[in-house]
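# Model the following, please.
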Amino acid sequence: MNKAEKIIGAGCFLLISIHLIASYFPQDRLWGVNLLHFFPGIWRWILVISCLLILTPYLNKVIGEFLSRLIHLIGNKFKKINKRYQYTFLSLIGGVCFWVFRVKTFFLGDSYLRAKELNLGKKLCITEPLDFYLHVQVAKLFSWDALQTYAFISVISGVVFLFFLLLRGDLLGNASKEKSFIFSIILTLGSIQLFFGYAESYTIVFMAMALYLLFSLGYLKNKNRLFLPILFFLLALSLHLFALTFLPSLLYLIFAERAKKTGTETEIKTEVKKDRLIKYLKSLGIVILMGIGLFLLLKYNPEKKGLSYYLIYPLGKGESTYSIFSFSHILDLINHQLLISPVGLLILLTSVLVFAKKINYRDSVIRFLLLLSIFSLAFAFFVDPKLGYPRDWDMFTFSALGYTFLGVYVFLKSWREANMGSLRYVAISLLFTSLISTAPWIYVNASEEKSVERFEHLLDLDKERIGSGRENLAMYYDSRREWDKEIQQWEKGIAVTGNVRYITNLGVIYYNQQKYDLASKELERSLKADSTFASTHFYLGKIYAQTVKYEKAITEYRKAIKFSPEVTEYYDNLGALLAHLERYQEAIQVFKEGLKATPKYPSIYRNLGYTYVNLGDLVSAEKYLNLYLEYSPQAKDVLEVRQVLRDLSQKRFQVPKP
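Take a look at the predicted model:
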């Protein structure tokens, strides 16, 4: 074994051992490497021992030869098929795998929040404008709910990612074995979890950033024009503003020396002079375009959050207990990088230790990837994970792309130049080490039971930062109608954060169970913390309405409208109560105010129709009931409303003419 193989073997042994040891500490801050804990004990040891045995040269050679023959056999079957068709077929197979093993719960990141915003028809998210717009349009086009929409787009993004990875694999390696090596390393990144039906706003942007990287390498090697990396950079930036991290690498790319072009020396010099002015204009254009876009976004950003809001303490507004150099933050960074790129750092480290003298730092590809890596890791280091790193892992997934591609590029180039022979031992060792990290990660998220168990462990790491996780878990139990478990989660969330919304939600659970005394108690507690929380007043109004305290109910409904005049449900409930009390004119006025907030709110049209029936205004009644049927054709009471309309028609026919 040569020096590189020995370092790779030792590094893989260390990483596998870390995963095994960490699996016995599921509730400690080892969330990026303890995923084997969720495998049954016997299978955990079988997997670990198998991977360790694969590190032995003999068994490594046997498995390597078997996989080589298998790949060669499959390759011969498809030899006559156009490569693009082959890559399309393989990418679609990958898409099927993404769908079959897709995420079963949505605890990580802001999945439930994003889904709720999409279902409510929100049209813009200030930090990811294009991403939100695309999801809204797909949801409308197919009439899907938010989670279906996110799952579909997630899988499609994965298919596109696979296709271009296969198509542009030759940018890092030449021979077919090198391409297989590249593909196996990139495909086993933990970051690909984003493509398994993941519900968040980081999936498409990760794909766009990966394509930016691939086409940037293509540009440096004269495989494609500069237009493509610029296009994917702007696309990524439109999908999420954090893609701004790649701007320094793009500016370098524009002025970098490319691989020598073919042609006479005079022709090349002429073209270089011609390109120089264009490069300056492109750089200026990109900066101006970005400046205009950022100005407009900041101007119309309702939250008005400054830069310090997004940075970790002491640069920003984060907690001092979780500062830049705190033990928790450093350990989270290590966990995260080992999760999203299990062997990327090992490949890079081996390249530096073994091939230090052979690395050409004037190589434009190396400089580009180094610049991209530095700024990506700086983003991961300085930006504050508001939900805690274990939950906000998805926001930083792109930070491993640069150094993983850099390590692979330098390693393969140096290995080739040193004429060190077969890559088999290195490739097989890295592949199985990477799989022992990423496969359990996918397995846990694809299993509802395991996902819940893991999330419960995470919620005890940073009680304040992951307090909102209690809300996600409570919503999960609510969807399963496991009320007692939901109540426990709200109580734990309240104990940690004192969040007024959590107290109100706890009151709502008691209300839904018709435990009005307990519900009132929690809602009154919520109002003591914040008397302007509209939802609290609304549910107090519903309790008073159920307990025949109508005047109190009307008072609470009006307070809810006062503090949140944009919520049409509040008008609807107040109007319905007034109509029930035969205060029809007041009810009509409230209903019409509600329609100003949401012009196509179906329930109000139905209630307006019935109110006009009781007033004897049959023309208006017919008008609003027909609008109700137009805006809510699938409602459960459609047949009842149609019968009322038929009755109205008969009554109108019997009215004598003047």
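
# Could you list the low-pLDDT ranges of this structure?
Counting by pLDDT under 70, the chain contains low-confidence ranges at 120-124, 173-175, 257-283, 286, 289-290, 292-306, 651-658.

# That one - how does it break down into domains?
The chain breaks down into these structural domains: 3-452, 591-658 (assignment by automatic domain parsing).

# Using a markdown table, lay out those together with mean neighbour count and distance to residue 491.
Using the backbone N, CA and C atoms, a C-beta is placed for each residue, glycine as well. As requested, these are exported to a markdown table (neighbours: other CB atoms under 10 Å; distance: least, CB to CB, whole Å):
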| stretch | mean neighbour count | distance to residue 491 |
| --- | --- | --- |
| domain 3-452 | 18 | 18 |
| domain 591-658 | 15 | 33 |
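
# okay, those in CSV with distance to residue 542 next?
Supplementary listing: the domains of the chain in CSV, determined by distance: least, CB to CB, whole Å:
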stretch, distance to residue 542
domain 3-452, 20
domain 591-658, 15
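
# Indicate which one of these is closest to residue 576.
When those are ranked by distance to residue 576, counting by CB to CB, first place goes to domain 591-658 at 5.5 Å.

# Check the secondary structure at the residue nearest the centre of the chain for me.
The residue lying closest to the centre of the chain (CA atoms, centre = their mean) is residue 200, at 2.5 Å. Using DSSP: H, G, I helix; E, B strand; the rest coil as the criterion, the local structure at residue 200 reads coil.

# Now do the same contact list for the nearest residue to it once chain neighbours are set aside.
Distance criterion CB to CB, 6 or more residues apart in numbering; nearest residue to residue 200, sequence neighbours excluded, is residue 109 at 4.3 Å. With CB atoms under 8 Å, 6 or more residues apart in numbering as the criterion, the residues that contact residue 109 are 198, 199, 200, 202, 387, 391, 392, 393, 394, 395.

# From residue 162, how far off is the closest residue to residue 226 other than its chain neighbours?
Nearest in space to residue 226, with sequence neighbours left out and distances taken as CB to CB, 6+ apart, is residue 219 at 5.4 Å. In this view, residue 219 and residue 162 are 22 Å apart by CB to CB, to the nearest Å.

# Kindly report the same for residue 29.
The gap separating residue 29 from residue 162 is 33 Å, by CB to CB.

# how far out from the middle of the chain is stretch 595-607?
The gap between where stretch 595-607 is centred and where its chain is centred comes out at 33 Å by CA atoms, centre = their mean, to the nearest Å.

# Check the gap between the residue nearest to residue 226 and residue 467 for me.
Separation of residue 219 from residue 467 (CB to CB): 45 Å.

# Correct me if wrong, but residue 378 is in a helix.
Yes - according to three-state DSSP, residue 378 belongs to a helix.

# Next up, the contacts around it.
Listed by CB under 8 Å, 6+ apart, the contact set of residue 378 reads residue 245.

# next one: phi and psi at residue 383?
Dihedral angles of residue 383 (phi, psi; degrees, to the nearest 10) stand at phi -80, psi 140.

# gap between the nearest residue to it once chain neighbours are set aside and residue 208?
Taking CB to CB, 6+ apart, and ignoring the residues beside it in sequence, residue 383 has residue 310 as its nearest neighbour in space, at 5.8 Å. Relative to residue 208, residue 310 is positioned 21 Å away (criterion: CB to CB).

# sorry, back to before: next, the contact list for the residue nearest to the centre of the chain, please.
Shown here is residue 200, whose contacts under the criterion CB under 8 Å, 6+ apart are 108, 109, 110, 111, 114, 150, 194, 394.

# next one: residue 348
403, 404, 406, 407, 410, 411.

# I figured the first one hits residue 341, correct?
Spelled out, it's residue 403. Yes - the pair residue 403 and residue 341 qualifies as a contact (CB atoms under 8 Å) at a distance of 7.5 Å.

# tell me the SS of the residue nearest to residue 339 when sequence neighbours are not counted?
If the residues on either side of it in the chain are set aside, residue 339 comes closest to residue 32, at 3.7 Å by CB to CB, 6+ apart. In terms of secondary structure, residue 32 is coil; the call rests on three-state DSSP.

# Same question for residue 213.
Look at residue 213: counting by three-state DSSP, its state is helix.

# That one and residue 373, how far apart?
In this structure, residue 213 and residue 373 are separated by 11 Å, where distance is defined by CB to CB.

# For the two, list the residues in contact with both.
Counting by CB under 8 Å, 6+ apart, the shared contacts of residue 213 and residue 373 are residue 402.

# hmm, back to that, closest to residue 629 out of the contacts of residue 109?
Taking CB to CB as the measure, residue 199 is the one of the contacts of residue 109 closest to residue 629, at 33.2 Å.

# That closest one touches residue 152, doesn't it?
No - at 10.6 Å, residue 199 and residue 152 do not qualify as touching, with contact defined as CB under 8 Å.

# show me the contacts for the residue nearest to residue 383.
Residues in contact with residue 310, defined by CB under 8 Å, 6+ apart, are 316, 383, 384.

# Hmm, residue 313 and the second one touching each other?
In this case it means residue 383. No - Residue 383 lies out of contact with residue 313 (CB under 8 Å); the separation is 11.9 Å.
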